[in-house]
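S.K.: Okay, sequence plus prediction incoming.
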Amino acid sequence: MDRRHLLSDQDENPAPQYQSVPSSGPVDPNQPEAGGATAPPADMMDKVPGYEGIGIGGYDLPYQGPPQAPGPGSPGPPVGDWRIPSISEEVAKEAFLEYAASKCCYSKGPAKEMVFTDLQAHNTYRYRLETFTESRSTKWASEPYTGQIVDGYMGVPPGPWDIAVSFPTLFQDNKKEVRVPHTSSVKGCHSCMSLGRNPCRKCVTSGMMQCWVCNGSGRRFSDDRCSHCNGLGRVRCTSCAGVGSSTCGTCQGKGQLLCFIKLVVKWKNNVFESVIDRQSGLPMDRISSVTGETMFTDMSPVVYPVTGFPDNAINQSADRAVKEHQAQYFSSCRILQQRQTIELIHVTRVHYSWKEKTHIYFVYGAEHKVYTDDYPAKCCCCSIL
Ligand SMILES: [Zn+2]
Ligand SMILES: [Zn+2]
Ligand SMILES: [Zn+2]
């Protein structure tokens, strides 16, 4: 049957196509596939050259392609003015007022009346390495056969890494599914024995089910005839409308499936991030949420770790990051692009006095976020009581 289809249908469409399986936008790789079509058993599939070991699962394939090594060395960070300015008192005060206003239980008094005693710069650097990788896996897939091109025996399927798939925006996770050329064939549907319909489970193909009003007795209140089933005790099955069977969900009633190898291409932006701890007292996890001032960006298919940055901790982070990502991704994935950035993150420790007591707060990031754990006048609403 399959061969007949091959001979009749496909000869009119000999051009091999890299057909993209519909997939809209970024897809959560952990989500089950939509459509609900169950995959046919692997042992019913043909042997496809180059894809002999393929199962239903789909595991990431080791990268096979040109070696991935750094290109010409990048010039390294430019020599510039690395002196670090501090924020002004006006900016510090404004940020503190906004902070107090954002908390419903904080009195604005301290923020308005405080007197600065010291502003200390504890600015720090954030190093970030992004490695944008592509990984590929293959698996058997199927869809209802409705006359699609069947190209199973028309040529040799290209290897999984030989299929050209254009990649989406750099440094953004994404996923695409592509039908591997020369792997499709038509098979009878395994779910319905190629019948296109499955027996109704609710009525066991009878088309009738027990009347739920009289529980099958045909009578109500001892001897009144049940009006719902006219005394029959049985009514038409609501699940199959009395037919006794329902359309097969796997083949959508077609009785046949187009089976093919699906190539799943996943793009992932892997990020290594490190912030130098200046022991300023500001919890380090706060810094991950703010923006810094970009001082250096280097983008290349494979980057060299930054060297020669005035703060050696950054050079060390870069070295570690590049080595870690090379060990993690270079043998298993295709590296599309790497980017390393160094950001300056402003952190100012503000000392002030209010009502003859001294306190501190931090202003950090381009957003001028405020952090403090000893705001002197919390719960103004409660203190009125
Ligand atoms: Zn009844
Ligand atoms: Zn039924
Ligand atoms: Zn079916």
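M.R.: Yep, that arrived. Being a predicted model, the structure only gives us computed values, none of them experimental. Numbering: from 1, shown residues only. Ligands and ions are numbered 1, 2, ... in the order given.
S.K.: so where do the strands sit in the stretch 51-200 of the chain?
M.R.: Per DSSP state E, counting those that start in this stretch, the stretch 51-200 of the chain has strands spanning 115-121, 124-144, 174-179, 185-188, 197-199. These are given in chain order.
S.K.: looking at those, which is buried most?
M.R.: Comparing the strands of the stretch 51-200 of the chain by mean neighbour count (mean count of other Cβ atoms under 10 Å), strand 124-144 ranks first with a mean of 22. Where you see a C-beta, it was placed from the backbone N, CA and C, and this is true even at glycine.
S.K.: Can I get the strands of the stretch 51-200 of the chain in CSV including mean pLDDT and distance to D373?
M.R.: Supplementary listing: those in CSV, determined by pLDDT from 0 to 100; distance: least, Cβ to Cβ, whole Å:
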stretch, mean pLDDT, distance to D373
strand 115-121, 88, 17
strand 124-144, 94, 19
strand 174-179, 95, 41
strand 185-188, 96, 66
strand 197-199, 93, 64
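S.K.: and of those strands, who's closest to N312?
M.R.: N312 lies closest to strand 124-144 among the strands of the stretch 51-200 of the chain, at 11.0 Å (Cβ to Cβ).
S.K.: Could you pick out the longest helix of this protein?
M.R.: The longest helix of the chain (DSSP state H) is helix 312-329.
S.K.: tell me the angle it makes with strand 124-144.
M.R.: 20 degrees (axes from the mean of the first three to the mean of the last three Cα atoms, to 10 degrees).
S.K.: Could I have the CA atoms of the helix or strand following helix 312-329 written out in PDB?
M.R.: Toward the C-terminal end, the helix or strand that comes next after helix 312-329 (DSSP states H and E) is strand 334-345. Extracted C-alpha coordinates of strand 334-345, given in PDB (Å, rounded to 0.1, in the frame of the first residue of the first chain):
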ATOM      1  CA  ARG A 334      27.200  24.100  17.600                       C
ATOM      2  CA  ILE A 335      28.500  27.500  18.800                       C
ATOM      3  CA  LEU A 336      26.800  30.200  16.800                       C
ATOM      4  CA  GLN A 337      28.100  33.200  18.700                       C
ATOM      5  CA  GLN A 338      29.800  34.300  21.900                       C
ATOM      6  CA  ARG A 339      29.600  37.600  23.500                       C
ATOM      7  CA  GLN A 340      31.400  38.900  26.600                       C
ATOM      8  CA  THR A 341      30.600  42.200  28.200                       C
ATOM      9  CA  ILE A 342      31.900  44.100  31.200                       C
ATOM     10  CA  GLU A 343      29.600  46.500  32.900                       C
ATOM     11  CA  LEU A 344      30.300  49.100  35.600                       C
ATOM     12  CA  ILE A 345      27.600  49.000  38.200                       C
END
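S.K.: what stretches of this structure score poorly on pLDDT?
M.R.: 1-39, 55-58, 69-86, 379-385 (pLDDT under 70).
S.K.: just to revisit the earlier point, so which of the strands of the stretch 51-200 of the chain comes closest to ligand 2?
M.R.: strand 197-199 (8.4 Å; Cβ to the ion).
S.K.: is it possible to export the strands of the stretch 51-200 of the chain to CSV including distance to P158?
M.R.: Listed next are those as CSV, based on distance: least, Cβ to Cβ, whole Å:
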stretch, distance to P158
strand 115-121, 58
strand 124-144, 11
strand 174-179, 11
strand 185-188, 17
strand 197-199, 37
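S.K.: Serialize the ones you listed to CSV and add fields for distance to ligand 2.
M.R.: Formatted as CSV, the strands of the stretch 51-200 of the chain follow (distance: least, Cβ to the ion, whole Å):
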stretch, distance to ligand 2
strand 115-121, 76
strand 124-144, 23
strand 174-179, 35
strand 185-188, 24
strand 197-199, 8
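S.K.: re the thing from before, going by neighbour count, list what's buried in the longest helix of the chain.
M.R.: Buried positions in helix 312-329, judged by neighbour count with 16 or more other Cβ atoms under 10 Å: 313-318, 321-322, 325-326, 329.
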